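> here is my input; please provide its structure:
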Amino acid sequence: MSAHTMDIDQPSSAEAAEQQQPAANLQLLLAVLNTIKPAQSQNGLKHGDYGRYRQYCAHRLRSLYKALKFLHGKGRYTKKKLDVPQVTDARHLHIALVSAERAWAHAMQLKQDASNSTSTSNDADGLAVDKRKRHHALRRLTKAAYWAGELSRLAHATCDTRSALEADAYSSWMTGNVWMEKETDWKRALAAYTRANQLFGELAKVGDPESQALCAAMVEELGPSLRYCNYQISRAGGAPPDPAALAALAEEGGGDAGGLLQSKLATLAAEAQTTQATSSSSSSSFEWRGLKARVAHERVRVALHAAAEAAAALQHATAAANGNTEPDGSASIEQLLPQHDRIINLYTEARAAAKAAIKTAQAGGAASSNTGQGAVADAVDLDELTALDKALSGAILEASLSRGEAAAGDAAQRFNAALARQAGGKAGKGSGSRSKERPAKPEDLVRLYSNLTQLASELEELADHLGGRAGEALAAAAAAREAGYAAWRSYYMGHAALVAAAATAVAAVSGGSGGAGSRWREAAGLFKRAGERAADAARKIKVGG
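As a prediction, this is how the structure comes out:
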């Protein structure tokens, strides 16, 4: 397989929790042309080598199956169906896309071989081989159209408007290829190509410059096919098809009605206006704790805009949870944590794009170190990207702290509820939704507060690098939070020691070995340490405030 691969990123740890959400709640991004066009150019199609591209697609598909653990059984093959509930990652959509590309490349390879065999042999055997290859190519094109249709169906259920329409355009183009190869119904071929041309034409007006250029290139590529279909229709004595009839023919057998398609195109235009307005204002820069950095890269800008929307949704959900009628707001924590995870994931995605841009800038700076103004421009760009990376690191840490505090708060409520039931002589019983949940163990809270302590330490270290008054204030606040988390960690470690001491005492009464006394002393020491650390945290808060 070539060293060049399609741009399919590995999921970060923050994505793992997001992948558990229902597919209906996803808004995945799928850039069809941005994915396949570079892969085609880098893996043989620049020289018309469809066999090499087909091999690349086969290897890429196998890598996707393994990475997503979407394997078809061990030993005996068992087909695993890809449907909407299984789509939790954009790479699931790449399975359908790469499958369509592999079948299409195979069809083009067979057509190429058939043309070559026809030009070199005119005997009966050669013509028979040519006929078989053309039938085989038609079957592979039909399979490619099937996978393109599956991609469109899945994208409409799980992706944003632009991604869904681009997948729809790709499916229409592939369907047109099938009808053109059949040469039995030129009107259907023209209808499919016309729909693809309309969609790619609208997509060429919105989005980033690279996507617009690729869609515009597809419009130009469709021109000869449209003219050839019109020529065949007129050659057969048919009248020029009516545009409305073509649209109805393209949507026959499933798909969107004409009104729904226009509605989606209008939605896409509205989203493009919103994105453009956002790109020219708030998303052109990112500010965190007084550190302001310019955002010049589209991937970073899109991720930050989505993170801002997710943060607003989380704020609204948190406000609704505070007014929850369920005891302790228990019905909302499972809804809030995935939203925290999504914000962390989007910031992580933005930082990954910024890091990639830093590597590019560093490579460009090394190449242009002797070119005067070019080197200065690269240095300025690198400084801005470094500041952006630092700001995003801080945003990720604070979002992770917010998520950890929410999880620790819920666990503490469940722990206190269990203690209250135990004190009232109702261990294992209770009423309301809390009684149905597993009580939090002190070890769970020790682990949560250990993670929070580590995050606060990392935030304090980052604040030291910021410098200035803002950095000093943030460092003091992070140190106070770290001391507070450490106090809670010691407190719950004391409770864990109490549980161990009680178990040891029960074992001693039953004839086991002693040792409960040391456990009690350990618990007392931990509670004392928790008090000291709480006092230290209060002092740091007072000094920092």
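
> show me where pLDDT drops low in the stretch 1-150 of the chain?
Applying pLDDT under 70 to the stretch 1-150 of the chain picks out residues 1-26, 118-129.

> what is the longest helix seen in the chain packed up against?
Ranked by residue count under DSSP state H, the longest helix found in the chain is helix 373-423. Contacts defined by 3 or more CB pairs under 8 Å, 6 or more residues apart in numbering; DSSP states H and E place helix 373-423 against strand 285-288, strand 291-294, helix 333-367, helix 442-466, helix 468-509. The way it works is simple: take the backbone N, C-alpha and C, and place the C-beta from them, glycine included.

> give me the residues contacting the fourth one.
Spelled out, it's helix 442-466. For helix 442-466, the external contacting residues (CB atoms under 8 Å, 6 or more residues apart in numbering) are 289-291, 390, 393-394, 397-398, 400-401, 404-405, 407-408, 411-412, 415, 471-472, 474-475, 478-479, 481-482, 485-486, 488-489, 492-493, 495-496, 499.

> now the buried members of those.
289, 291, 390, 393-394, 397-398, 400-401, 404-405, 407-408, 411-412, 415, 471, 474-475, 478-479, 481-482, 485-486, 488-489, 492-493, 495-496 (16 or more other CB atoms under 10 Å).

> how about low-confidence regions in the stretch 201-350 of the chain?
240, 242-262, 264, 270-283, 321-332.

> please redo it, this time with the cut-off set to 50
253-257, 280-282, 325-331 (pLDDT under 50).

> ranges for the helices of it?
209-235, 243-250, 258-280, 298-322, 333-367 (DSSP state H, counting those that start in this stretch).

> so the longest one versus helix 298-322, what angle?
Taking axes from the mean of the first three to the mean of the last three CA atoms, to 10 degrees, one finds helix 333-367 and helix 298-322 inclined to each other by 160 degrees.

> quick one: Ser402 from Ala311, how far?
10 Å (CB to CB, to the nearest Å).

> and for Leu226?
From Leu226 to Ala311 the distance is 46 Å (CB to CB).

> assign a three-state SS to Thr78, would you?
coil (DSSP: H, G, I helix; E, B strand; the rest coil).

> next one: phi and psi at it?
phi -130, psi 110 (degrees, to the nearest 10).

> count of residues packed around it?
9 (other CB atoms under 10 Å).

> name the residues of stretch 70-83 that are buried.
Leu82.

> renumber starting at 27 from here on
Sure thing, new numbering starts at 27, so read that last one as stretch 96-109.

> tell me which residues are up against that stretch.
By CB under 8 Å, 6+ apart, stretch 96-109 touches 90-91, 112, 118, 121-122, 176, 180.

> one step back: more neighbours, Ser428 and Ala337?
Between Ser428 and Ala337, Ala337 has the larger neighbour count (other CB under 10 Å), namely 19 against 16.

> and the closest residue to the more buried one other than its chain neighbours, how far is that from Arg102?
Nearest residue to Ala337 in three dimensions, chain neighbours excluded: Ile369, at 5.7 Å (CB to CB, 6 or more residues apart in numbering). Distance of Ile369 to Arg102, given as CB to CB: 43 Å.
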